[in-house]
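S.K.: 3D, please:
(one chain, ligands or ions: 1)
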Amino acid sequence: MGLHDLDFITKRLDELKEQGVYRQLPVLQSPSGPRSVINGKEVINLSSNNYLGLANHPRLREAGKKAIDKWGMGAGAVRTIIGNMSIHEELEEKLAKFKHVEAVIVFQSGFTANAGAIPGIVDKGDVIISDELNHASIIDGCRLSKADVVRYKHSDMEDLERVINEVKDNYSTKLIITDGVFSMDGDIAKLPEIVELAEKYGCLTYVDDAHSSGVLGSSGQGSAHHFGLSDRIDVQIGTLSKAIGVVGGYVAGRRNLIEWLNHRGRPFLFSTAAPPAVAAACIEAINILSESTELTDKMWDNANYFKKKLNELGFNTGKSETPITPVIAGDDRKAVELSRRLFEEGVFAQSIVFPTVAKGAARVRTIVTAAHTKEDLDEAASAFAKVGREIGLIK
Ligand SMILES: *Cc1c(COP(=O)(O)O)cnc(C)c1O
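M.R.: Predicted structure coming up:
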């Protein structure tokens, strides 16, 4: 019971254990791929965000190795002191072309892009109008800004209009923020309606494309491109950590916005630049996406194939419109049991429970990738069928 025993932390951990929500991290003992070794067992991996199989792609590995030989391992400083290597600028130029925007600024992750961009754009006297299911990094970015935050019901356009009407006369800048694709249900934000409302009431729009970068748009440019709205959405956030297969985040938009974040985006100013090998591998990933739609086509084909199989078996896959396909199990214990039994049958699909999703909507979430084969998916569907019947989710 000494001062340094941190007993108050132990008490909190015990509370997690009592509530049944204490967990051990699963351990990946091979590269992230369609089949991976997890906790000592080779299984079909349905839980990565490695949508296009780029995380372990030979061309990215090669680009990373070459960059290490040329540039070394670390950038040596924050971008604003002397960590700004020409390869970082090359990546930003490449992304700006790819996204059809004036300019791009790269952050260390999607999380820090939100944590830097939101407080960089809005301040005291401004208001953020935020979808209630927005990602944690958006919520934290909002908290770091001094703006007021109001929330609207998830993708409910009537409620969005109601909220806008409540705040529209009281603030200077009004910023609507939404995920492009929502990570728990795989539904796409109603951007055409959001943009209509935003323009009607003089609001700016901010879309976080973490789960749409490399997924939506003709070559994976994201949700704005998917809807043909690239020039009517003011701020597009992308991640380099999911479909792009490496790590990093970025803000895409007007040149003045990007220049401003270069001066005031705090993680950009106060946290070291990405290793050059990371920038090089990201450049190679964008090259691959620009050359052909082979990987995105394969991913969509696989995702549709697997979703159809799950639906034919009688599973509830919610309102998914993307490769994110939840299998709704109901209560928390059932979702945990589904995931545990699937693992025994050779399939890794992580369960997601309250408070990450609403009570009664616990699920396992699957993400099918371009790297899976039809045999992988058939085998995974058989495991779902077997376990689903066993625990009474399907007949
Ligand atoms: C995953 C995710 C992020 C974080 O991206 P990282 O590059 O992994 O930090 C941000 N926003 C949303 C909506 C996400 O799903």
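
S.K.: For the residue in the chain that the ligand sits nearest to, grab phi and psi.
M.R.: The nearest approach of the chain to the ligand comes at G110, 2.4 Å away (C-beta to the nearest ligand atom). (Each C-beta comes from the backbone N, C-alpha and C, glycine too.) The phi and psi values for G110, taken as degrees, to the nearest 10, are phi -60, psi -40.

S.K.: what's the neighbour count on it?
M.R.: The tally of other residues near G110 (other C-beta atoms under 10 Å) stands at 25.

S.K.: Quick check: T296 touching L52?
M.R.: Yes: applying C-beta atoms under 8 Å, one finds T296 in contact with L52, separated by 6.9 Å.

S.K.: residues in contact with the residue of the chain closest to the ligand?
M.R.: S137, D208, A210, I237, G238, T239, L240, S241, K242, G248, G249 (C-beta atoms under 8 Å, 6 or more residues apart in numbering).

S.K.: Compare the residues you listed and tell me which is most surrounded.
M.R.: D208 (33 neighbours).

S.K.: The closest residue to L144 other than its chain neighbours: neighbouring residues, count only.
M.R.: Nearest residue to L144, sequence neighbours excluded (C-beta to C-beta, 6 or more residues apart in numbering): P119, at 4.4 Å. Number of residues near P119 (other C-beta under 10 Å) recorded here: 20.

S.K.: any idea which helix or strand carries P119?
M.R.: In the assignment (DSSP states H and E), P119 maps to helix 110-121.

S.K.: Who are the packing partners of the strand or helix carrying L338?
M.R.: Element membership of L338, judged by DSSP H and E, is helix 332-344. Applying 3 or more C-beta pairs under 8 Å, 6 or more residues apart in numbering; DSSP states H and E, we find helix 332-344 packed against strand 324-330, strand 351-352, strand 362-367, helix 374-390.

S.K.: Kindly report the residues of this structure close to the ligand.
M.R.: 109-111, 114, 135, 137, 179, 183, 208, 210-211, 239, 241, 249 (C-beta under 6 Å from any ligand atom).

S.K.: again, only this time at 8 Å
M.R.: Neighbours of the ligand within the chain, by C-beta under 8 Å from any ligand atom: 49, 109-114, 134-138, 179-183, 208-211, 237, 239-242, 247-249.

S.K.: Tell me which stretches of the stretch 201-350 of the chain form strands.
M.R.: 204-208, 235-239, 249-253, 324-330, 347-348 (DSSP state E, counting those that start in this stretch).

S.K.: and what of the stretch 1-150 of the chain?
M.R.: Going by DSSP E, counting those that start in this stretch, the stretch 1-150 of the chain shows strands at 35-38, 41-45, 103-107, 127-131, 148-152.

S.K.: May I see those arranged in CSV, with mean neighbour count and mean pLDDT as well?
M.R.: Below are those laid out as CSV (neighbours: other C-beta atoms under 10 Å; pLDDT from 0 to 100):
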stretch, mean neighbour count, mean pLDDT
strand 35-38, 17, 98
strand 41-45, 19, 98
strand 103-107, 24, 98
strand 127-131, 25, 98
strand 148-152, 17, 98
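
S.K.: closest one to D169 among those strands?
M.R.: strand 127-131 (10.8 Å; C-beta to C-beta).

S.K.: Show me what the closest one is packed against.
M.R.: Contacts defined by 3+ C-beta pairs under 8 Å, 6+ apart place strand 127-131 against helix 136-144, strand 148-152, helix 157-167, strand 174-179.

S.K.: Pairing partners for that strand, with directions?
M.R.: strand 148-152 (parallel), strand 174-179 (parallel) (DSSP bridges).

S.K.: Residues in contact with both of T296 and L52, list them for me.
M.R.: Residues touching both T296 and L52 (C-beta under 8 Å, 6+ apart): G214, G220, L289, A370.

S.K.: can you list the residues that contact the longest helix belonging to the chain?
M.R.: Looking across the chain with DSSP state H, the single longest helix is helix 294-313. By C-beta under 8 Å, 6+ apart, the residues outside helix 294-313 that reach it are 51-54, 214-215, 219-220, 288-289, 317, 320, 322-323, 325, 327, 366, 368-370, 372, 374, 377-378, 380-381, 384-385, 388, 394.

S.K.: Run the chain-centre distance for it.
M.R.: 19 Å (C-alpha atoms, centre = their mean, to the nearest Å).

S.K.: in it, what counts as buried?
M.R.: Across helix 294-313, burial judged by 16 or more other C-beta atoms under 10 Å covers L295, T296, K298, M299, W300, N302, A303, F306, K307, K309, L310, L313.

S.K.: Please produce CSV containing those, extended by distance to I87.
M.R.: Converted to CSV, these look like this (distance: C-beta to C-beta, whole Å):
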residue, distance to I87
L295, 23
T296, 25
K298, 29
M299, 28
W300, 31
N302, 33
A303, 33
F306, 37
K307, 39
K309, 43
L310, 42
L313, 47
